[in-house]
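Enquirer: Sequence first, then the predicted structure:
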Amino acid sequence: MTSWRTASVALLSFSSGLPLGVVWIAIPDWMRSAGIDIRVVGLLTLAQAPWSFKVLWSPLLDRFSPPWMGRRRGWIAIAQIALFGSTLALAGVGHRPDTAWVVGALAFAIALAAATQDIAYDAYTVDVLKPEEQGVAVGAKTFFYMTAFRGVGSVVIAIAAAWSWPVVNVCLALLYLPMILITWKAPEPPDAAKAPTTLREAIWQPFLGFLARHRALEILAFVFFYKFADNLATSLTRPFLSDMGYGAFDRGVRLTVVTWLGIVTGTIIGGILTDVIGLGHSLWIFGLLQIFSNIGYVIVARSEPSSLLMCGAAGFDNLTTGLGSGAFTVMLLRLTQKRFSATQYALFSSLFGLPRIVAGPITGFAVDAVGWETFFWSTLLAGIPGLLLLQRFCPLGTREPRLTIEPARARRPLSVVELTAGGIAGGAVGAALAAAIDATLAGLKGMSAAPGAAFDPVAGLMRLLRPADLSGWFETSGVLIFGLLTGLATAAILAARHGAGREAAADSHGHADP
């Protein structure tokens, strides 16, 4: 805290963690306690989607600067004002279960503003910190982030049980006011990298710059899968404990304390050990630990309610989560180029957060079908793909992962027509895949709604082709947007593999990646 750069990064992380605690922890517990069906609670977790799709508008934050506080701090302040207003609006919802859709809409608004804040905040972190400050900053910002995310987001459960959710939501909104002051006083990044001169450059070059790296696709897939098993196990922790017979104090205060201590302790130790034993060794050791820590929840599921047992299982799970997150955050900082820090870090963190988005609905339907104990056993298998991908660019026993730029290859650059054709083909495949997943989920939902009914994904597919209401149009638009992103990614991959992006892959300081 003697450095105003690391102090600003650490303190502003409180504003980053608070909305995630509200959307991911407080609101699901609130809705379940109000009598909302577990499947609906699982669907409400989709309000977190902006955190995983923030890469869509991150180039705007790279390209344009607000008229005050600079390119990074200006956007942070705008987002914090929006968070204040949207959180305050939750106070008017009340306690009735029939307001679940209103809560979902406000949760989505909070997530949208929070994701925008995170884009600017993560870019500010990359830009303002010196290399020797990154390790300590990761630990410090995790402390404040988890205090807001796990701490405030969980303690409010117990407070709301004693007072009311409207009072709690007003207090949460007021917490953003001192954050705006910190943003105003935070220092500007020294020697800030030149902003992209066009929106096209802000959108295209960050992707090319990253895709020119060695095993870029494997790294992207690893970012998605590394903590997938962990996200599945913790996506509906409070509803799980509620179903197991644990009271509000256990789900709120006790779980908050062990969660906060586990995450913060794990992240600090993980950061220290990453420097000592190397990033590669840390990713392997911590990845294995965070997968097998889910067994603790199996024991909770088959046992009578015990506060000591619950705290032990949750404490070990969150300790291993912190260990993995500490090493993983260092890796993301190393991957990000300063000139495109908003877009590139948003891409990495979006992929990192996407499993958390899909984990809620998957958990809701899976638990409804097989029960909590079987579900937690199945999460162990979900961790295997992440380790297999880690083996691709960081074989077991390697101290540091290889994140270099691929050697230039003698390939003919593709024409615009060829890139367009490749992008269209990739987009079509992506849209088809998204439609298949959506139709499958619709079929599973039909089976859950009508016990004994046959699995019928065709009805869900026809809903996409002929949307009849606003919800249907939303799903169809989501499939088309996913196809568009897949097409863009396909074109970028083809371009990078044929020589484009070599200049963009150079670091903002003028040297190649380590």
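Expert: Cool, got the structure.

Enquirer: Do a quick rundown of the helices in the stretch 201-350 of the chain.
Expert: 216-225, 228-234, 237-243, 248-249, 255-277, 279-292, 295-301, 307-335, 341-370 (DSSP state H, counting those that start in this stretch).

Enquirer: For those, give me JSON lines that also has mean pLDDT, distance to residue 62 and mean neighbour count.
Expert: Heads up, the C-betas are built off the backbone N, CA and C, glycines and all. Output for the helices of the stretch 201-350 of the chain, formatted as JSON lines (pLDDT from 0 to 100; distance: least, C-beta to C-beta, whole Å; neighbours: other C-beta atoms under 10 Å):
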{"stretch": "helix 216-225", "mean pLDDT": "76", "distance to residue 62": "19", "mean neighbour count": "20"}
{"stretch": "helix 228-234", "mean pLDDT": "77", "distance to residue 62": "28", "mean neighbour count": "25"}
{"stretch": "helix 237-243", "mean pLDDT": "80", "distance to residue 62": "35", "mean neighbour count": "22"}
{"stretch": "helix 248-249", "mean pLDDT": "77", "distance to residue 62": "43", "mean neighbour count": "16"}
{"stretch": "helix 255-277", "mean pLDDT": "80", "distance to residue 62": "28", "mean neighbour count": "21"}
{"stretch": "helix 279-292", "mean pLDDT": "87", "distance to residue 62": "27", "mean neighbour count": "21"}
{"stretch": "helix 295-301", "mean pLDDT": "85", "distance to residue 62": "40", "mean neighbour count": "20"}
{"stretch": "helix 307-335", "mean pLDDT": "82", "distance to residue 62": "16", "mean neighbour count": "22"}
{"stretch": "helix 341-370", "mean pLDDT": "68", "distance to residue 62": "4", "mean neighbour count": "23"}
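
Enquirer: I'd like the ones you listed written out as a markdown table, with distance to residue 43 added.
Expert: What follows is the helices of the stretch 201-350 of the chain, written out as a markdown table (distance: least, C-beta to C-beta, whole Å):
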| stretch | distance to residue 43 |
| --- | --- |
| helix 216-225 | 21 |
| helix 228-234 | 16 |
| helix 237-243 | 12 |
| helix 248-249 | 23 |
| helix 255-277 | 23 |
| helix 279-292 | 26 |
| helix 295-301 | 22 |
| helix 307-335 | 24 |
| helix 341-370 | 6 |
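
Enquirer: quick one: which of those is nearest residue 480?
Expert: Closest to residue 480 of these, according to C-beta to C-beta: helix 341-370, at 18.0 Å.

Enquirer: next helix or strand past the closest one?
Expert: Downstream of helix 341-370, the first helix or strand assigned by DSSP states H and E is helix 372-382.

Enquirer: ok but residue 187 is inside a strand, no?
Expert: No: judged by DSSP: H, G, I helix; E, B strand; the rest coil, residue 187 forms no part of a strand; its state is coil.

Enquirer: so what's it up against?
Expert: By C-beta atoms under 8 Å, 6 or more residues apart in numbering, the residues touching residue 187 are 4, 5, 8, 128.

Enquirer: One more pass at 10 Å, please.
Expert: 3, 4, 5, 7, 8, 70, 73, 124, 128 (C-beta atoms under 10 Å, 6 or more residues apart in numbering).

Enquirer: do residue 479 as well
Expert: Applying C-beta under 10 Å, 6+ apart, the residues near residue 479 are 430, 431, 432, 433, 434, 435, 436, 437, 438, 439, 464.

Enquirer: if we can go back for a sec, the helices of the stretch 201-350 of the chain: which one's closest to residue 21?
Expert: Here helix 255-277 is closest among the helices of the stretch 201-350 of the chain (C-beta to C-beta), at 9.7 Å.

Enquirer: Give me the angle between that closest one and helix 279-292.
Expert: 150 degrees (axes from the mean of the first three to the mean of the last three C-alpha atoms, to 10 degrees).

Enquirer: Report the distance from helix 255-277 to the chain centre.
Expert: Put simply, helix 255-277 sits 19 Å off its chain's centre (C-alpha atoms, centre = their mean, to the nearest Å).

Enquirer: CA atoms of it as PDB?
Expert: Output of helix 255-277 as PDB, limited to C-alpha atoms (Å, rounded to 0.1, in the frame of the first residue of the first chain):
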ATOM      1  CA  LEU A 255     -19.700 -19.900   4.900                       C
ATOM      2  CA  THR A 256     -18.600 -16.300   4.200                       C
ATOM      3  CA  VAL A 257     -15.800 -16.400   6.800                       C
ATOM      4  CA  VAL A 258     -14.300 -19.700   5.600                       C
ATOM      5  CA  THR A 259     -14.800 -18.800   1.900                       C
ATOM      6  CA  TRP A 260     -13.100 -15.500   2.300                       C
ATOM      7  CA  LEU A 261     -10.200 -16.900   4.400                       C
ATOM      8  CA  GLY A 262      -9.700 -19.800   2.000                       C
ATOM      9  CA  ILE A 263      -9.700 -17.700  -1.200                       C
ATOM     10  CA  VAL A 264      -7.500 -14.900   0.100                       C
ATOM     11  CA  THR A 265      -5.000 -17.300   1.800                       C
ATOM     12  CA  GLY A 266      -4.900 -19.500  -1.200                       C
ATOM     13  CA  THR A 267      -4.300 -16.600  -3.600                       C
ATOM     14  CA  ILE A 268      -1.500 -15.200  -1.500                       C
ATOM     15  CA  ILE A 269       0.200 -18.600  -1.100                       C
ATOM     16  CA  GLY A 270      -0.400 -19.300  -4.800                       C
ATOM     17  CA  GLY A 271       1.300 -16.100  -5.800                       C
ATOM     18  CA  ILE A 272       4.300 -16.800  -3.600                       C
ATOM     19  CA  LEU A 273       4.700 -20.400  -4.700                       C
ATOM     20  CA  THR A 274       4.300 -19.400  -8.400                       C
ATOM     21  CA  ASP A 275       7.400 -17.300  -8.000                       C
ATOM     22  CA  VAL A 276       9.300 -20.000  -6.100                       C
ATOM     23  CA  ILE A 277       8.400 -23.200  -8.100                       C
END
